[in-house]
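**Q** take this sequence and fold it.
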Amino acid sequence: MIEGASGFGTPVALGAPMLVSSGHDPMKSVVTLLVMNTFATVWGAVGTPIWFGFGTLFPIEEQGDSFIEISYKAGVCLIICAFLLLPLLLRIICPWPLIKKNLLFIFLSLATVVGPSLGLSFVTEEFPALIGGMVGCGGTAMLIKFKIGLCQLEDFDPEDRDILEIGSVSEHSNIAKIRRGRVSDSGGSTSNRRYEHSTSNISELSGDNLTSSSIRRQKSISERKPSGAIAEDEVVDSEYGNDNNKDDNNTGTDNTGKEDRTSNSTNEDDRPVVNTPDDLLAGSQQEMLERVLGPRKEVGEGYVTEMLGRTSPIWLVVLLLVLTRVEDIGLKDYLTRKEPNFAIYFGTYGTFRLSASLVLQLYNILSYPGLNWKFELLYLPFIMPFVLVSLFTMLVYRKDLQRSPKQIAGIVAGRLKNPAIALLGALCLVQLLLKIDTSAPAYILGTVLADWFKEGFIVITPLLGALGSFFSGSTTVSDLTFGTIQGLAAESIGISLTSVLALQAVGASAGNGICLNNIIAACAVVGLNIGEGAILKQTYKFVFGITTISTVVMLAFFIRF
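**A** The predicted structure follows:
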């Protein structure tokens, strides 16, 4: 769904932190999202890789039918690949016995996504990914609600799994606080601290255990930030101050002032108290999850409002992407206008222009005719939606901020420093490969290979598409770069142009799994400091599998020599 609205590797950047927050390994999460994203990028942001990437290859009157033909041919290939490869892909983050038990659910969930996508690909190239993703989200939710094809998790959960792995990537999350408490306990200085789940951030739930007075009391306690015994629902943070300030309502004291701690202590709300972090590992899987994350909340007064508020960063991003990408809405035109503008002449360096829509342009760079650059500041997924949504979320939940906005900006800048350096070099290389028309290295590479392989060129067609995405990080750029070459090859060997271009689009889509730009961005958002080669070793196998299966499918159903 997000790929269909925005493209640019956004689904990986959004999805990887979700998997990490669910307790999965950061590297495995990045690998899984990179490969899963390849099944949708053939349509990209509202069909851009097709209608823009191949727009110059067909007369205007033939574009509609040709684009749809490319769309459904590529869709058939990718959907077959999804059904064949998805169980193998899930093995990266899930144990095989669990996958095997839930195969019915996996395939039904997949069908709710790819079914509508394939159906729409026969009538449009713009909305298969977007609408298919939306329908799939609803369909999968229904499958989960009615437990169709699902089995119990704890039967297959690894026995040695640390329950504290399930939580948030944030260093300020409840899980991180408990984990720091465990480390502190190992030193022996705070071995008797009490731990329990914090529910103070859910302020509108109904029930006897949570009242407005208790919320006010929790907020007051939170502001004091004591250490030692914990009052109400607050979780211990080893970074809190000294142990002198304690709440006597939660820990009894004898005549000498010493605390009375027992293993079966409970607070006034009758919620169990965990005396040490190791106690979190006692009991069943469900009991452990409830100790760490809290019990499953019932739908009641204020629940929906709280849920919408806490999930607003996700659905607001998707909403803004949809509103700015669908041309019929009309916002896209306002965000990408090049006129009116003012210009600054920089001599032989080129002419700089800035439009009213904040589109930055540089024309005739280094006096070379036609060598231009532009950056649509409000349209590309940067300020709109990410910066706006982030600022809105910080404003709404400003009372819950653990750090100041300045500190948060500093953390973000620190995370982006190394990826920005790597991306700068990668983007320079891409431009050197793609510019200068027929003299571009990419164009020369494609034409030489076409002359060399003749009819066998069909075998390397998807590989060229993947190569273009590897260099550029974009299915659209790959289609723009190699589309003309693929068209010339199709004409020379006498096969369907749309079939070859569909294979090019599939390869370009698969290439997003090995794209350095996407890998660097995904690693940055989850804080994974690892070389790109380690990720490539995992993803290249699936990329090669997609290109191979797609070639076989295309030869079997669509290509005739």
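**Q** tell me the mean pLDDT for the helix or strand containing Gln63?
**A** Assigned by DSSP states H and E, Gln63 belongs to helix 60-90. Mean pLDDT, helix 60-90: 92.
**Q** dump the C-alpha coordinates for the helix or strand just after that helix into CSV.
**A** Using DSSP H and E, the next helix or strand after helix 60-90 towards the C-terminus is helix 96-101. The C-alpha trace of helix 96-101 is given here as CSV (Å, rounded to 0.1, in the frame of the first residue of the first chain):
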residue,chain,number,x,y,z
TRP,A,96,9.8,-23.3,9.9
PRO,A,97,7.5,-25.3,12.1
LEU,A,98,5.5,-22.2,12.8
ILE,A,99,5.4,-21.3,9.1
LYS,A,100,4.3,-24.8,8.2
LYS,A,101,1.4,-24.7,10.7
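**Q** in helix 96-101, what counts as buried?
**A** Within helix 96-101, the residues scored as buried using 16 or more other Cβ atoms under 10 Å are Leu98, Ile99, Lys101. Just so you know, the C-beta spots here come from the backbone N, C-alpha and C atoms, and that holds for glycine as well.
**Q** I'd like the distance between the closest residue to the second one other than its chain neighbours and Asn102.
**A** Leaving aside its sequence neighbours, Ile99 sits nearest to Leu90 (Cβ to Cβ, 6 or more residues apart in numbering; 5.3 Å). When Cβ to Cβ, to the nearest Å is the yardstick, Leu90 and Asn102 sit 9 Å from each other.
**Q** and Glu125, by the same measure?
**A** On the measure of Cβ to Cβ, Glu125 and Asn102 end up 33 Å apart.
**Q** who's more crowded, these two?
**A** Shown here are Glu125 and Asn102; by other Cβ atoms under 10 Å, Glu125 has more neighbours (30 against 20).
**Q** residues in contact with that one?
**A** Applying Cβ atoms under 8 Å, 6 or more residues apart in numbering, we find Glu125 in contact with Trp43, Gly47, Ile50, Trp51, Phe67, Ile68, Ile70, Ser71.
**Q** sort out which of those are buried, if you could.
**A** Among those, those buried by neighbour count (16+ other Cβ under 10 Å) are Trp43, Gly47, Ile50, Trp51, Phe67, Ile68, Ile70, Ser71.
**Q** not counting sequence-adjacent ones, nearest residue to the third one?
**A** Counting by Cβ to Cβ, 6+ apart, the nearest residue to Ile50 once its immediate chain neighbours are dropped is Glu125, at 4.5 Å.
**Q** list the contacts for Thr10?
**A** Ile2, Glu3, Leu321, Pro381.
**Q** with Pro381 as the reference, measure out to the closest residue to the first one other than its chain neighbours.
**A** It stands for Ile2. Leaving aside its sequence neighbours, Ile2 sits nearest to Pro11 (Cβ to Cβ, 6+ apart; 4.4 Å). To Pro381, Pro11 is 11 Å away according to Cβ to Cβ.
**Q** what of Asn512?
**A** Distance of Asn512 to Pro381, computed by Cβ to Cβ: 15 Å.
**Q** again with Ala129
**A** 15 Å.
**Q** what's the answer for Gly53, then?
**A** Distance, Gly53 to Pro381, by Cβ to Cβ: 18 Å.
**Q** buried residues, stretch 346-365. List them.
**A** Gly350, Phe352, Arg353, Ser355, Ser357, Val359, Gln361, Leu362, Tyr363, Ile365.
**Q** give the contact list for the fifth one.
**A** For Ser357, the contacting residues are Tyr334, Leu335, Thr336, Arg337, Lys338, Glu376, Leu378, Tyr379, taking Cβ under 8 Å, 6+ apart as the criterion.
**Q** output stretch 331-344 as PDB, restricted to C-alpha atoms.
**A** This file holds the C-alpha atoms of stretch 331-344, laid out as PDB (Å, rounded to 0.1, in the frame of the first residue of the first chain):
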ATOM      1  CA  LEU A 331      -2.500  18.500  -5.100                       C
ATOM      2  CA  LYS A 332       0.300  17.000  -7.200                       C
ATOM      3  CA  ASP A 333       0.100  19.700  -9.800                       C
ATOM      4  CA  TYR A 334       0.400  22.500  -7.100                       C
ATOM      5  CA  LEU A 335       3.400  20.800  -5.500                       C
ATOM      6  CA  THR A 336       5.400  20.200  -8.700                       C
ATOM      7  CA  ARG A 337       4.800  23.500 -10.600                       C
ATOM      8  CA  LYS A 338       7.900  25.000 -12.100                       C
ATOM      9  CA  GLU A 339       6.200  28.400 -12.800                       C
ATOM     10  CA  PRO A 340       6.300  31.100 -11.700                       C
ATOM     11  CA  ASN A 341       9.900  31.200 -10.600                       C
ATOM     12  CA  PHE A 342      12.900  33.400 -10.100                       C
ATOM     13  CA  ALA A 343      16.300  32.700 -11.600                       C
ATOM     14  CA  ILE A 344      19.900  33.300 -10.700                       C
END
